[in-house]
Every structure is written in structure tokens, then in C-alpha cells.
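Student: predicted structure and sequence below. I'll ask about it afterward.
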Protein chains: 2
Amino acid sequence: MNCVIISIGDELLSGRTVDTNSAWLSSQLYRLGIEVTERLTLPDNEARITEGIATAFQRANLVILTGGLGPTDDDRTRRAIADYLGVELETDPNILKTIRRKFSERNSEMPETAEREALVPTGAKPLNNSVGIAPGLYLKIGDDKHLVALPGVPKELKAIFENELSRTLKGAAGNEGRNRVVESFFTTGIPESILAKKIYDNLGKTHPKNLAFYPSSLGVEVRLTINPKSADDKHILSIIEQTAEPWCYSQEENSLPKIVGELLLEKGATLAIAESCTGGLLASRIVDISGASDWFAGGVVSYSNRAKAEILHVSTEALEKYGAVSPQVAAQMAEGAAEVFHADYALSTTGIAGPTGGTPEKPTGLVFYALHTPNGNLIRKNRFTAGREDHRLRTSQATLAMLWLYMMGKYQKHHWADGSEGC
Amino acid sequence: MNCVIISIGDELLSGRTVDTNSAWLSSQLYRLGIEVTERLTLPDNEARITEGIATAFQRANLVILTGGLGPTDDDRTRRAIADYLGVELETDPNILKTIRRKFSERNSEMPETAEREALVPTGAKPLNNSVGIAPGLYLKIGDDKHLVALPGVPKELKAIFENELSRTLKGAAGNEGRNRVVESFFTTGIPESILAKKIYDNLGKTHPKNLAFYPSSLGVEVRLTINPKSADDKHILSIIEQTAEPWCYSQEENSLPKIVGELLLEKGATLAIAESCTGGLLASRIVDISGASDWFAGGVVSYSNRAKAEILHVSTEALEKYGAVSPQVAAQMAEGAAEVFHADYALSTTGIAGPTGGTPEKPTGLVFYALHTPNGNLIRKNRFTAGREDHRLRTSQATLAMLWLYMMGKYQKHHWADGSEGC
């Protein structure tokens, strides 16, 4: 089954809003066996939308419209669908009742314009919007054409898709979806090129078409689409699984802080952190995880030497002799964080994120990170040179990976592929 | 002048990559007086791209292609352009020389495939790519059609646009661009609806077409496009400027941490922070600013009561009597941060970000934030209910806004419009 997505809104064309809905929808559809073959972004203009729907159905049997379902004058999607179908817009009394109820639950008065959100083209089925006002719309046209309209607000679009639409489309996509399962391996600490070479070497002459590598500052996601009934596909999957194993922290969850948190929770252990160059990013990524307070004891952002000495009890001797960016100071920062927060484990970062501050001996990008454990300290050195933001992201991930490897009992035998050195 | 952008790449349609180029290009083009009327996303398929170019020129006289200019087999843009024009691809010796030089400067061997990046459709002018290998391409077709091809890598696309293409297009767009200036007002602490109502009330009967409001968790950007030669436009601009003034922290810079940093630097003052619910986000936003070490003394992420007491010297009496989420504790956290980091000013946050942890007396979303100054403490209370991430962003921004208002001498007389209360 093929799909064309039509994103609607002047704010997309003016560049005010980045269209993240389309990419999200595409990945979801892919998992159902539906391929997006084209995308179109159109202004809030009825005639252009009507024309766009007609063109899209020449290329695909599923057309999904996003945006333009709100209550204001510039929301033209309903009218454009009605025009395309040659039907009327009529008020659906059930939708109207639901909208009234939502406003009364919020204790706010329902504006008259909100009634427009109960208008539907004849024959359209509403898709319940659990987080907003306007429902989505679904229409089956003839035997095998499907038209869907979703609100442009990302959280509303996601809720409608997950709660109801994905089931409807799965049924429509039929066997294509059932014979397709997407397997992901979230890895960190190995560059895409090295990981890809290892996997292709182990696969020998097989070159699976549906194997893809998605690199980011946090690691590489390896994604393979298989037919779960195919023995060949399962064999390929097991080779990839074995090859990626040393660096793969999850097959489900693209969040190393969450994985590390679960490991700490299992052991009833707590974590503290001391950040210099990452400057709060590591803490922020941890606190992103709901429930982090069960295992995260706290953190210090110690930018200055004085703060390192006074708050984290780093020795002035180490600061003077080795400098703030050194393995000795990294270790003492982690020790100090564990001490002041009474935590079992602690992580620290100290480095030169740039763009200024580098010297010939300690160039921009240099970073030391340490893990304090009840059994002693582990320290590593690396260099990340792709800019300030990237430096902070990569450092935070490398630091979490250290703890993950340690908690998994994999640290000592780990095959390091990230260019780092133990200190 | 109108433009259609065609984004090319299977990775865009599969949802692997979010197309951020299109939004960026649209805003840049708008400033030149060029309006993007439609966007198209196509697969790495020559025939579809050729067809897409033809359709696009029916709607606009400028067509910009992004992506598909790389050295590999699935980069089809050059060939598609040549097919559309009915011309050949030929190797441009100057481009080839430049490519060879780039590889030799990087001390890396030039792969044979890189030669493909010197292939251009007859008549195309290369656009120098200062940060990557493949140049962009520009073609004038007939009297008033313009075709541009840019690499899909965002930093390469931006470099080519800024270094060379914007000038070429400015010339092509002519007077439309010269008569258009975009003025922005970055505000925080006032909802879009209230700010818009104030502005429209003050404008009276005038309803400027080119006035737009862009809300986010950090505030509202008010954007007005004016003709700098028009007295009417200047009058409208001055009304908006006066109306937005209490909440407008900058007309140039969409970064409140940067604005606050500049104010601190001017006074030679330093800032420390103590974060509970924002959990490192505030520190992280500050450290994002290059040079922040000149005014940022450091921060503590004190999730637990014990850390608040031991590290920040919050009294156990206040913690027991009022609870961690209270104005008293917020104030003591800020005081403690200023003390331990020896800073002139300090900010603190304590609240219930959710989704769990709320009670009837202290519901999810409740937050207290405080500013410690050499002249005493200021404390505010608010409630942000839109989810964990949003809560942290809004809290960090409201906290920075407190300091900004104070440093500007505007705090005492400020017209609060964010629903917050002084404590």
C-alpha cells in the first residue's frame, strides 16, 4: 500500500514551523507495511488542497492530510475534502456533544467558532482526539482508496494515530504489514562506518536490502526490516544481533539514561554527577526520565576551579599540577559528587567544548570523564571535535555508556571502538 | 517572485530524517521577497524528479532542489536536471580541480566516485561549497526561470546560500526584496492571545497583513514585515514596539540566557543556580552560550531534601514545615547557591513537573522560583500544566525572565501577564 502525505499550512511554507509530523507518520506507516512515496506541503487554500488530493490519489491509494482542521477561518481542510468528494459539510451531533463536554470539563466557555470542528464531509468517520478538540477524519472511497485528515498539532496527531488510526490502516494494508517487522539495535560508542563494515563482513555475500544505519551524536541505530516467517531473514537478524551486541544498549528504547536508570533501580543504587564541560546537559538528560528521583541523587555544575575545590573537594594540588581538564581532576570530581550526594555511583565530565579555550597540549574537543564506583574509579579520555553542542552531547553519552558497561559487567572486556583511551 | 522547493531523498520519505532545510530556506527566501508557495518531497528517482521540476515550473519561476547531489548511485539530481533541460552532463574541469584540492587539504585519498560531483548539466553555474565537497548548481532558464540545486547536508546548504546564492536570488527578486524588512520582537511572560489583543487594540482599525505571532514554550515572537519607505508601516512598527516593550527582551536574539549573560557581563556580576524541578536544564541552557564561564559561577541539581540541606544549606525546619516545593525553600535554595558559588545573583527552581508527584494542595505543574540579589530575595509562584518537558522549559524561561527584569530595573513596576504571583 502506498501513501502520499499532504501537510497543510501557511506556517509550514513560511518556515515558521518545521514539519516534524511527516517524518513521524512515515516511520509509523512503514511499520504497518505502508510506503510513503511522496509528500506535498500546501498553503491554507481550499482549491489547492482539493487539487492536491486529486493528484495524490493518482499516485497512491492512501492520502493523509495533516493540519487545517482547527476552528479558524484559515482552516480549510474539511471544505477541501467535501469539494473533492462533491459532498456537503454537515454538523455531526455526536462530535458536537463531545466538543461541548471537553470545554465543560476544562471549565471554559465554548467559543462559537469551535462548532466548526463538528462539521464533517458526508460519509466521514470521526477519529477520537483524546488530547485536543478537533477529531480526525477517515473516509473509505470506493473499494480501495482511503482518505485521512489529522490535526497539525503533533501530540494530537500522535494520539489519534496510536489510539485508533493505526488499527484501521493495519487492516487496510493487509498482509504487507503482517509480513514486515522492524527490528532496531540502538548502539553507542562505535562509528557508523566501523559498525557497518563489521556487519557486512559477518554477513558475507548477503546484502539485505532493508538494512539501514541511522547515525546521530548519541550513537548509531541499526534498523532491519524482516519477514518474521523467513528463515533467511531470521539468520540475518541473528548475525546483526551478535555483531552489534558489545555496543547495543537496547532494542526497544532509544534512551541510554533510561536504560542506565533501570539498571540502577534493579540494584537499589543511586547516581550523582559532577559536570564541567557538559554543563547540566547530563543532569538534564537524566531528569528527562520520569521517576529519575528514585535513583538520581543530584548533580553539580562546577564550571570554576573554586567550585570544584570547595563543593566537590577536588584537591587544589591536582588542579594546580594537572589542570582542570585532566584525568586526576575528573576522578576527584566523581569521588566528590558521590561523597556530597551520598551516592553509590558518580559520573564526571571535564573538557574543552570550544570554540575557545584550547591550547596545543589541551586542544579544543579534549575531554576526560570518570566513573566512581564502590570498587574504585574508572577514567577515560577522548576528543570530540564537531562543535560545542555536539561535544556536550557526545560527552554525556560516552559518560553514561561507561556506567552502562560497568553495570552490565562488560566494562573490563569491552571492545572500545570510539577512539577513547583508559587513563 | 514565487518558489517551489523540492526536497529529494528516500531518507526523508521513510521518516529517518526530518526535513529542516525547507523551513530554513523558506524563512531566508521570505526575507528576499520570495514566497514559497508549495513544497514537494520526492524519492531518489530520476523520472519523478524530472517530472517534479516540470510541474513546479508551472507554479513558480524559482525551483530549488535540495539533496541528491552526493557521489553515490542514489544521488539522481544532476541527471534529472539534465533530462529536464534536454542537455548532457559534462565534467567541469574547474570543479574537478577544486574537489581534488579539497581532498588533498584533508590529507585523504580522493575516491573515484567523488569525480561524479564535478558533473554538471550544460549551462549550469557552480555555487561554491565552503564546508563540503559537492558544489551547488544555478541555472537561468529563458528570461525569468531560475533553477537551483543544493546539497541536502544542512550546514553545506546554509553555507552556499549565505555565501553566494542569496545575492544571486536577491538580484533576481528585484524590488520585491528591497521593499521588505522583517522586524522581530522576542517576548516572554505573556500568552499569545493577550499580547495579540493588546497589539490589535492599540492598532485600532489597522490590520496589518504581514503581522504574525509565533508562540513556543519559551515565549512569543512577534514578526512584522514592513516596507521601510512606508510611513504607515513605520507607524505600525512603533505601536507594536511600544505595546510589546514590557515583555520584549530582544529584537535580534532569540536567546534569553544570552541576553541575561550580556547584562551580567556589563555589570561584572556572576550568577549561580540551584535547580530542583528543572534538573539541569537551566544550567544547560546557560552553558550553551559560548563564553558563559565569564559570568556563570555554577549550579547544583538538588533533587533530594538531603542535598538541599547539606549542599545548599536549606534549613531542615523549612523543608519539614513548608515542604520542598514552597516559596521558603525556593528562596533558601537561591541564597545557598549564591553562597556556595560566591556569586552575586542566584536563581532557583522547585516544583512538581509531573506526571506523578502531585497532591491536592500541591498539584502537578505547581512551581516556585526565586532570585537572590545583593538586595534580597524575590520569589514567584506559577503553574505550568502542559507536560514534563514543557514544564521544565517554561520554568527555566520564567526564572531567567525574573533576572532579566531585575537587571533592567523593570521588576518592581512590571505588568505580569504570565499568571504568576509574587510570594
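Tutor: Okay, I see it.

Student: can we go C-alpha only for contacts and neighbour counts from here?
Tutor: Will do.

Student: so residue A:200 makes contact with residue A:207?
Tutor: Yes: using CA atoms under 8 Å, residue A:200 is in contact with residue A:207, at 7.4 Å.

Student: so these two - more neighbours on which side?
Tutor: residue A:200 (17 against 10; other CA atoms under 10 Å in any protein chain shown).

Student: helix or strand: which one has that one?
Tutor: For residue A:200, the element it lies in under DSSP states H and E is helix A:192-203.

Student: burial check on residue A:379, number of neighbours?
Tutor: Residue A:379 is flanked by 23 other residues according to other CA under 10 Å.

Student: ugh, wrong one, I meant residue A:304
Tutor: 16.

Student: how about the nearest residue to it, chain neighbours excluded?
Tutor: Excluding the flanking residues, the one nearest residue A:304 by CA to CA, 6 or more residues apart in numbering or on different chains is residue B:297, at 6.5 Å.

Student: biggest helix in chain A by residues?
Tutor: Secondary structure assigned by DSSP state H gives helix A:388-407 as the longest helix of chain A.

Student: can you pull the buried residues of it?
Tutor: Applying a neighbour-count criterion of 16 or more other CA atoms under 10 Å in any protein chain shown, one finds A:388-406 buried in helix A:388-407.

Student: quick one: list the elements packing against the next helix or strand after the helix holding residue A:200.
Tutor: Heading C-terminal from helix A:192-203, the first helix or strand you meet, by DSSP H and E, is strand A:211-216. Applying 3 or more CA pairs under 8 Å, 6 or more residues apart in numbering or on different chains; DSSP states H and E, we find strand A:211-216 packed against helix A:192-203, strand A:219-226.

Student: all strands for the stretch 1-150 of chain A, in order.
Tutor: Here the stretch 1-150 of chain A has its strands, by DSSP state E, counting those that start in this stretch, at A:2-8, A:35-42, A:62-66, A:89-91, A:119-121, A:125-127, A:136-141, A:145-150.

Student: return the residues in contact with the most centrally placed residue in chain A.
Tutor: Geometric centre of chain A, nearest residue: residue A:254, 6.6 Å, by CA atoms, centre = their mean. By CA atoms under 8 Å, 6 or more residues apart in numbering or on different chains, the contact set of residue A:254 is residue A:186.

Student: and it, how far from residue B:78?
Tutor: 36 Å (CA to CA, to the nearest Å).

Student: neighbours of residue A:126, how many?
Tutor: 19.

Student: nearest residue to it in space, please, no chain neighbours.
Tutor: In space, residue A:126 is closest to residue A:137, 4.7 Å off (CA to CA, 6+ apart).

Student: number of nearby residues for the closest residue in space to residue A:289 that isn't next to it in sequence?
Tutor: Distances taken as CA to CA, 6+ apart put residue A:258 closest to residue A:289, at 6.3 Å, once the chain neighbours are dropped. Neighbouring residues of residue A:258 were enumerated by other CA under 10 Å; the total is 19.

Student: how near is residue A:258 to chain B?
Tutor: Using CA to the nearest CA, to the nearest Å, residue A:258 is found at 15 Å from chain B.

Student: convert the helix or strand harbouring that residue to PDB, retaining C-alpha atoms only.
Tutor: Per DSSP H and E, residue A:258 falls inside helix A:256-267. Provided in PDB are the C-alpha atoms of helix A:256-267 (Å, rounded to 0.1, in the frame of the first residue of the first chain):
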ATOM      1  CA  LEU A 256      20.600   5.500  27.400                       C
ATOM      2  CA  PRO A 257      19.700   7.500  30.600                       C
ATOM      3  CA  LYS A 258      16.500   5.300  30.900                       C
ATOM      4  CA  ILE A 259      18.400   2.100  30.400                       C
ATOM      5  CA  VAL A 260      21.000   3.100  33.000                       C
ATOM      6  CA  GLY A 261      18.300   4.200  35.400                       C
ATOM      7  CA  GLU A 262      16.600   0.800  35.100                       C
ATOM      8  CA  LEU A 263      19.900  -1.000  35.900                       C
ATOM      9  CA  LEU A 264      20.500   1.300  38.900                       C
ATOM     10  CA  LEU A 265      16.900   0.700  40.200                       C
ATOM     11  CA  GLU A 266      17.300  -3.000  40.000                       C
ATOM     12  CA  LYS A 267      20.300  -2.800  42.200                       C
END
